[in-house]
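Q: no sequence for this one, just the structure:
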């Protein structure tokens, strides 16, 4: 019973407003981010093309169009709760809450012990 109460009232973990990746913050602050290794810098030959760099950066960055906010990896938008949940597993109708990073342990205990 305790695990059920905890999974219902525990916040599953949400993304803070205006969340940004560390590398995005460094770029905006004017700090350079190393994209190549030292050998390629000495030879003046890039190890990857600029298209590959842009593709990697766009894949590593997440953006939620519903929340209008950045999102970290393994974060998904819940269409029921209308928010992004960290390490979202699913929205459970039995606990009327999303199962995410902060209440996953209690959800497993609830399932095992019920």
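A: Arrived safely. Please read all numbers here as calculations on a predicted model, not as lab measurements. Numbering: from 1, shown residues only.
Q: who touches the closest residue in space to residue 10 that isn't next to it in sequence in this structure?
A: Distances taken as CB to CB, 6 or more residues apart in numbering put residue 103 closest to residue 10, at 4.0 Å, once the chain neighbours are dropped. Yep, even glycine has a C-beta here, placed from its N, CA and C like the rest. Neighbour list for residue 103: 6-7, 10-13, 97 [criterion: CB atoms under 8 Å, 6 or more residues apart in numbering].
Q: As JSON lines, those residues with distance to residue 110 would be great.
A: Formatted as JSON lines, these follow (distance: CB to CB, whole Å):
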{"residue": "6", "distance to residue 110": "8"}
{"residue": "7", "distance to residue 110": "5"}
{"residue": "10", "distance to residue 110": "11"}
{"residue": "11", "distance to residue 110": "16"}
{"residue": "12", "distance to residue 110": "14"}
{"residue": "13", "distance to residue 110": "17"}
{"residue": "97", "distance to residue 110": "11"}
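Q: Sort out which of those are buried, if you could.
A: For the contacts of residue 103, a burial check counting by 16 or more other CB atoms under 10 Å picks out 6-7, 10, 12-13, 97.
Q: Out of those, flag the one nearest to residue 73.
A: residue 13 (13.5 Å; CB to CB).
Q: How about the contacts made by the closest one?
A: 85-87, 100-103.
Q: repeat for residue 78
A: Here residue 78 is in contact with 84-85, 88, 91, 98 (criterion: CB under 8 Å, 6+ apart).
Q: Tell me the one among those nearest to residue 1.
A: Nearest member of the contacts of residue 78 to residue 1, counting by CB to CB, is residue 98, at 20.8 Å.
Q: Okay, now the unreliable bits of this protein?
A: The model of the chain has pLDDT under 70 over residues 20-61.
Q: one step back: what backbone torsions are found at the residue nearest to residue 10?
A: Main-chain dihedrals, residue 103, degrees, to the nearest 10: phi -120, psi 10.
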